[in-house]
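> Structure, please.
(chains A and B)
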Amino acid sequence: MHSISPSVKPQQIGDRVQLEMELELGLALPGSDRTPELVGVHGEKRASLCRKRGVDEMLGKATLPLFIRKDNDEDGDDDGRQSKHLQELNFGSRVLVGWPPVKMWRRKSDDCGRRRANCVKVNMEGVAIGRKVDLCLHDSYQALFLTLTQMFPKKQHDGEESDAAYYKVTYEDEDGDWMLVGDVPWEAFIQSVRRLKILD
Amino acid sequence: MVRGFGGAAAFPDEVWELVFSFLAADADRNAVALVCRGWHRIERRSRRRVFVGNCYAVAPAAAVRRFPEVRAAAIKGKPHFADFNLVPTDWGGGAEAWVEAMAGGWPHLEELRLKRMVVSDDCLELIARSFKNFGVLSLVSCDGFSTAGLAAIAANCRNLRELDLHENEVEDNCLNWISHFPESFTSLVSLNIACLEGDMNTSVLECLISRCPNLKTLRLNHAMPLEKLVSLLQRAPQLVDLGTSKFSADHHPELLSKVESTFAGFKHLKSLSGIWEAGPAYLPAIYSVCESLTSLNLYYATIQSPELLKLVSECKNLQRLWVMDLIEDNGLIAVASSCKLLQELRVFPSDPYGVAPPISLTEHGLVAISAGCLMLHSVLYFCRQMTNAALLTIANNRPNLTCFRLCIIDPHTPDYISQEPLDAGFSAIVESCKDLRRLSLSGLLTDRVFKSIGASANRLEMLSVAFAGDSDVGLHYILSGCKNLRKLEIRDCPFGDKALLDNTSKLETMRSLWMSSCSVTLGACRQLAQKMPRLNVEVIDERRGRPLESWPDDFPIEKLYIYRTVAGPRSDTPPCVWTV
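I've put the predicted structure just below:
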């Protein structure tokens, strides 16, 4: 993995400069020792001493489905199963909605100039044309994955319908690191995500 | 002739009104209203304050009609768990219906306090136009409005004394809304704009501050640079309650001495908050006010332990302390020995989603506080480990606790020494603290703890439960005990139909019940709704689009909100909410 320093256009003056990447540029070194800025209480960015996992490490867990795309809407217990499945995505209890019970009342101190809409680019491996998704219109990972499904419908290679198709979605956060989507609670995610990439 | 208690006509109405005016508590006034028709009539015409704990419990028109002379109203909307994103954003709690009814029926309204409601700019404009003597507007955890709406309030409420905006989501589309306060406006006593995102025009604000001599409370947002803050504060040395803006800047000896002298000029300051991003350079400037402080909120201050410890140790008269867990056990031990008058402590997690706990804040800190602070009655504590022994000690030290909210961050965490559930510890709390009114549970808990709570927590009014219990029996203990329970909120517990159906009448004695990610089925909701017509049984399900009628009885409910009401099913349910 090599790192290309991107050409950056400072968007605003402040402690943190928001980078706008015009080109598809390289990834930062995975497993870097920099302490990542996780979003804490009230949207505050606080240094955490936990190490972020590099993408390699995460993709090693090949059997872990990130989200399930249902081609057929089935009744009753499937939904229970699906929501239970999402609840089982426990990376140390970090995917539970609204837990721990701290108010995620946001403080956008560093991006006062930011508009309400939170659009991020989405690209899928092997697909030339990227899309944009407005995260403000979504309130959960499930909602986001539904939108991504609609934007990038999965081709069935076998020709037969399978109940579920799995995507691996990664995102680039404000430090330039690529993370697996679903690691952190939704509120923390939307504060730090810069763009998305769907892996085939 | 006066015949003892019986005749309301024995005295003129005004005499009774005067007598009733000494009854502050709503419960007392409600009791008075039940004595006889005469007293009912007199009481309703003389009631000046109304509190509506659930905006859907009564129709606005009915409330306004019954109490025509109200001067102060407080209304709450969404369930508490809306604070943690468990309630869909379109669930409801709109303020229009209430504001319209009040505009028509209470022209003399002076005070309005709304919590967790959706307030539009139209609402704010209606408020601004409708009440000639409007003095107090408090919006807490609301959303749906913008600074344009605030401009309308500023421009039209000539006698506004208090504008309290606490943790609202406010769209910033009118940067200069503060300038809409006319030059003749001088009545401001309290201004809290900490939740606003945008920059304030400092000179306009300075002008406003200067011409309001009665200003006692000023809470600013983070945006104002420290330099400007200082020149603003120099106009208001009479402040009692201050929320600063950003408390950091490049180190500048001149600025530092300005900050110091400004704070030294505060002779009456009792409450301090804000202090966003406080740096060690400027923090010592606060020391001069520490001794007079009774309330200190360091929620936004990213101060580390040594400075934090020094700061709180200076605050000998502190009654309320809100602080991040960066204070660590050592800091709390220092608080326990310095702040002997402490009544309320809240310790928040600086890194709630972190994996490794780098912070040395454990049960020891809380135990120390419970031992050293004899007047402590209210606790909110986030930590990562707990033992039954610690809880027992706390219970024995502080039987005067009225509010105990413990959040052990990882669900199902047992006593880390014995690996036992924390049943014994929490049981000790409810058995020892006879006046406990609010309790939040966490950690590994079985049905046993609910047995204790049901049996002992006689004054308990609000209970929050998450990831606890083994079976329905747990919920049954609560619903069949806890005679003063008003609000119960439960998430991720194996509680289901039987406990609900065995305790249906209990639900009408409570304000509301929230259950999410439990084991309740639609069939039970249907039975409950049928049996109890004065309950609204709302099923919330964001996953599906089909109408509720087509679902089978065994369909598992995602989220359930049950509340008593005399207004019947509401008419403003969004697509994801069904009233069964």
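
> What does the pLDDT read for residue B:3?
pLDDT recorded at residue B:3 is 51.

> and the closest residue to chain B within chain A, what does it touch?
In chain A, the residue found nearest to chain B is residue A:98; the distance is 3.2 Å by CB to the nearest CB. (Each C-beta comes from the backbone N, C-alpha and C, glycine too.) By CB atoms under 8 Å, 6 or more residues apart in numbering or on different chains, the contact set of residue A:98 is B:81, B:84, B:85, B:86, B:491.

> mind redoing it with 10 Å?
Neighbouring residues of residue A:98 by CB atoms under 10 Å, 6 or more residues apart in numbering or on different chains: A:104, A:185-187, B:81-87, B:466, B:491, B:516.

> In terms of distance to residue A:150, which of the residues you listed ranks first?
Nearest to residue A:150 among the contacts of residue A:98 is residue A:186, at 19.0 Å by CB to CB.

> The nearest residue in space to residue B:551 that is not next to it in sequence: what's it in contact with?
Closest residue in space to residue B:551, ignoring its immediate chain neighbours: residue B:522 at 5.5 Å, by CB to CB, 6 or more residues apart in numbering or on different chains. Under the criterion of CB under 10 Å, 6+ apart, the neighbours of residue B:522 are B:497, B:539, B:541, B:548, B:551-557, B:560, B:578, B:580.

> Flag the least confident of those.
Among the contacts of residue B:522, pLDDT bottoms out at residue B:548, giving 78.

> distance of it from chain A?
13 Å (CB to the nearest CB, to the nearest Å).

> got it, and residue B:483?
26 Å.

> likewise residue B:557?
On the measure of CB to the nearest CB, residue B:557 and chain A end up 10 Å apart.

> In this structure that residue contacts residue B:514, no?
No: between residue B:557 and residue B:514 there is no contact under CB atoms under 10 Å: 11.7 Å.

> so residue B:231 sits in a helix?
Yes: counting by DSSP: H, G, I helix; E, B strand; the rest coil, residue B:231 is found in a helix.

> Report the contact partners of it.
Residue B:231 sits next to B:202, B:203, B:206, B:258, B:262 when contact means CB under 10 Å, 6+ apart.

> Out of those, which sit inside helices?
B:202, B:203, B:206, B:258, B:262 (DSSP state H).

> Export those residues to JSON lines and append columns for pLDDT, distance to residue B:485 and neighbour count.
Formatted as JSON lines, these follow (pLDDT from 0 to 100; distance: CB to CB, whole Å; neighbours: other CB atoms under 10 Å in any protein chain shown):
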{"residue": "B:202", "pLDDT": "89", "distance to residue B:485": "49", "neighbour count": "19"}
{"residue": "B:203", "pLDDT": "91", "distance to residue B:485": "52", "neighbour count": "12"}
{"residue": "B:206", "pLDDT": "94", "distance to residue B:485": "49", "neighbour count": "18"}
{"residue": "B:258", "pLDDT": "92", "distance to residue B:485": "53", "neighbour count": "19"}
{"residue": "B:262", "pLDDT": "95", "distance to residue B:485": "48", "neighbour count": "19"}
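
> neighbours of residue 187, just the number please.
Answering for chain A, as no chain was given. Neighbours of residue A:187 under the rule other CB atoms under 10 Å in any protein chain shown: 20.

> try again with chain B
Quick note: residue B:187 (other CB under 10 Å) scores 18 neighbours.

> Please name the residues that touch it.
Contacts for residue B:187 (CB under 10 Å, 6+ apart) come out as B:135, B:157-162, B:181, B:211-215.

> swap in residue B:179?
Residues near residue B:179 by CB under 10 Å, 6+ apart: B:151, B:154, B:155, B:201, B:203, B:204, B:205, B:207, B:208.

> quick one: the closest residue to the second one other than its chain neighbours from residue B:235, how far?
In space, residue B:154 comes closest to residue B:180 once its chain neighbours are excluded; the distance is 3.9 Å by CB to CB, 6+ apart. For residue B:180, the distance to residue B:235 under the criterion CB to CB, to the nearest Å works out to 20 Å.

> How far does stretch B:57-73 stretch from one end to the other?
Using CA to CA, to the nearest Å, the end-to-end distance of stretch B:57-73 comes to 15 Å.

> do the same with stretch B:455-475
End-to-end distance of stretch B:455-475 (CA to CA): 13 Å.

> and that stretch, what's its mean pLDDT?
The average pLDDT for stretch B:455-475 rounds to 97.

> One more: stretch B:52-60?
98.

> Now for the closest residue to residue B:347 other than its chain neighbours: which residues touch it?
Closest residue in space to residue B:347, ignoring its immediate chain neighbours: residue B:381 at 5.0 Å, by CB to CB, 6+ apart. Counting by CB under 10 Å, 6+ apart, residue B:381 touches B:325, B:332, B:345-349, B:361, B:363, B:365-366, B:369, B:394, B:404-408, B:440, B:442.

> about what we covered before: and the contacts of residue A:98 as a markdown table, adding secondary structure and distance to residue B:170?
Output for these, formatted as a markdown table (DSSP: H, G, I helix; E, B strand; the rest coil; distance: CB to CB, whole Å):
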| residue | secondary structure | distance to residue B:170 |
| --- | --- | --- |
| A:104 | coil | 16 |
| A:185 | coil | 23 |
| A:186 | helix | 22 |
| A:187 | helix | 18 |
| B:81 | helix | 22 |
| B:82 | helix | 17 |
| B:83 | helix | 16 |
| B:84 | helix | 20 |
| B:85 | coil | 18 |
| B:86 | coil | 22 |
| B:87 | coil | 19 |
| B:466 | strand | 30 |
| B:491 | strand | 28 |
| B:516 | strand | 28 |
